[in-house]
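Colleague: With the sequence up front, the predicted model follows.
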Amino acid sequence: MITILGIESSCDDTSAAVIRDGVILSNVIANQSVHERYGGVIPELASRAHQQNIIPVVHDALQQAGIAREELSAVAFTRGPGLLGSLLVGTSFAKGFASALHIPLIEVNHLQAHVLAHFIKEDAEDLNQPRFPFLCLLVSGGNSQIIVVKSVYEMDIIGQTIDDAAGEAFDKCAKVMGLGYPGGPVVDKLASQGNADAFTFSKPHIAGYDYSFSGLKTSFLYFLRDRLATDPDFIEKNKADLCASLQKTIIDILMNKLRRAANDLHIKEVAVAGGVSANSGLRRSFEEHRDRYGWKIHIPKFSYTTDNAAMVAITGYYKYLKGEFCGYEATPYARVYR
Ligand code: KG4
């Protein structure tokens, strides 16, 4: 029996989870509301909140899993990419915990973990996992990538954003409309009441499978500036239509490239991961692609879309099987993909 404690602290969610032989036993997440009033994550405040949350969150994860710490086989932690101060809290905690229990330490790449969230089993009989090779659209607040997943250990990034991520496009445009932070879920909600064809925003022309979202953000900003010059209530009057049109544009940009990759590589098994995979329009678009192009789609449970330690624990589980442990000298990394 292999029992892994996962620790996630890369941004503003402190999370701990326990996975036993690939099956989820607990997944506890503490969100940080302290950032809402600033319209974005303040790294210094995030680190302090992680420091407050980490011990209670781990305690709850072990308790909900119904296991004693002595039953753990290893501790897996997110080493990067993410906010350095936040990562330091999880990394240091993981080292101390593993050291005290005399068990191995496993470093996990946050992005690989988002993809491997699809391999978390709800129970021992759960066989609903993607088959290799599959394509994964990884869309979060910091990343937008198309990944060819050849095995749990082998992934090729064939396309990624050259500037902003899809989640950033949602959040920054929402901020311009005064919708608070994070804006993605608010845009999603308002979009359901609006007309997605009400407004048209320009789409980028980028080679290959790469993405770009900074142009959309700028064109959205200029569009609003021009309309507000003649009608100060323009946003208020058109909020739902603006959200629906913006959401449609972001989804079109994402799906056009993904569809091209699927066609070129003759892959019909397609997954989505990351915070933006909670978006109802994107989920619908995946279903439409399934019906129209015969894709077999994999959409994560909502609790595995945003940052969570279950995905870190499942990645740790697979690394444990391969004996991929790390030493106590491992330090977090903010950006580099490994
Ligand atoms: O994966 P995640 O929790 O954090 C990162 O590692 O980046 O993703 C957070 C991002 C934010 O940009 C947030 O606005 C976006 O995911 N998001 C959504 C929705 N829920 C979360 N974007 C659009 N629609 C949603 N329902």
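Modeller: Received, thanks.
Colleague: The residue nearest to the spatial centre of the chain: what's it in contact with?
Modeller: The centroid of the chain falls nearest to residue 274 when counting by Cα atoms, centre = their mean (2.4 Å). Residues near residue 274 by Cβ atoms under 8 Å, 6 or more residues apart in numbering: 114, 138-140, 143, 167, 305. Using the backbone N, CA and C atoms, a C-beta is placed for each residue, glycine as well.
Colleague: And the pLDDT for it?
Modeller: We note a pLDDT of 95 for residue 274 in this prediction.
Colleague: In the contacts of residue 274, find the pair that's most separated.
Modeller: 143 and 305 (13.4 Å; Cβ to Cβ).
Colleague: The contacts of residue 274 in strands, which ones?
Modeller: 138-139 (DSSP state E).
Colleague: Most neighbours among the contacts of residue 274, which one?
Modeller: residue 139 (32 neighbours; other Cβ atoms under 10 Å).
Colleague: isn't it right next to residue 271, touching?
Modeller: No - assessed by Cβ atoms under 8 Å, residue 139 is found out of contact with residue 271, at 11.3 Å.
Colleague: What ranges does the stretch 101-250 of the chain have for its strands?
Modeller: 105-109, 134-139, 144-149, 155-160 (DSSP state E, counting those that start in this stretch).
Colleague: Tell me which of those strands lies nearest to the ligand.
Modeller: Closest to the ligand of the strands of the stretch 101-250 of the chain, according to Cβ to the nearest ligand atom: strand 134-139, at 7.6 Å.
Colleague: Only the buried residues of stretch 109-122, if you could.
Modeller: 109-121 (16 or more other Cβ atoms under 10 Å).
Colleague: residues in this structure within reach of the ligand, list them.
Modeller: Contacts of the chain with the ligand, taken as Cβ under 6 Å from any ligand atom, map to 11, 140-142, 167, 170-171, 182-185, 188, 274-276, 278-279, 306-307.
Colleague: Out of those, which sit inside helices?
Modeller: 167, 170-171, 184-185, 188 (DSSP state H).
Colleague: Just give me how far the strand or helix carrying residue 5 sits from the chain centre.
Modeller: For residue 5, the host element (DSSP states H and E) is strand 3-8. Relative to the centre of its chain, strand 3-8 is centred 17 Å away, using Cα atoms, centre = their mean, to the nearest Å.
Colleague: Relative to the helix or strand just after that strand, what are the paired strands and their orientations?
Modeller: Proceeding N to C from strand 3-8, the next assigned helix or strand is strand 13-20, under DSSP H and E. Using DSSP bridges, strand 13-20 pairs in its sheet with strand 3-8 (antiparallel), strand 23-31 (antiparallel).
Colleague: May I see the buried residues of the last one?
Modeller: The reference is to strand 23-31. Buried, per 16+ other Cβ under 10 Å, within strand 23-31: 23-30.
Colleague: do the same with the shortest one
Modeller: Taking 16+ other Cβ under 10 Å as the basis for neighbour counts, the residues of strand 3-8 that come out buried are 3-8.
Colleague: from these, which is closest to the ligand?
Modeller: Nearest to the ligand among the buried residues of strand 3-8, with distances taken as Cβ to the nearest ligand atom, is residue 8, at 9.6 Å.
Colleague: Show me the beta-bridge partners of that closest one.
Modeller: residue 15.
Colleague: And it, what's its pLDDT?
Modeller: pLDDT, residue 8: 98.
Colleague: That one contacts residue 312, correct?
Modeller: Yes - the pair residue 8 / residue 312 is scored as a contact, 4.9 Å apart, by Cβ under 8 Å.
Colleague: Common neighbours of the two, please.
Modeller: Contacts common to residue 8 and residue 312, judged by Cβ under 8 Å, 6+ apart, are 15, 17, 77-78, 110, 113.
Colleague: ok, and which of the strands of the stretch 101-250 of the chain has the densest surroundings?
Modeller: Highest mean neighbour count among the strands of the stretch 101-250 of the chain (mean count of other Cβ atoms under 10 Å): strand 134-139, with a mean of 26.
Colleague: who touches residue 43 in this structure?
Modeller: 83-86.
Colleague: one more time with 10 Å
Modeller: Residues near residue 43 by Cβ atoms under 10 Å, 6 or more residues apart in numbering: 11-12, 35, 82-86.
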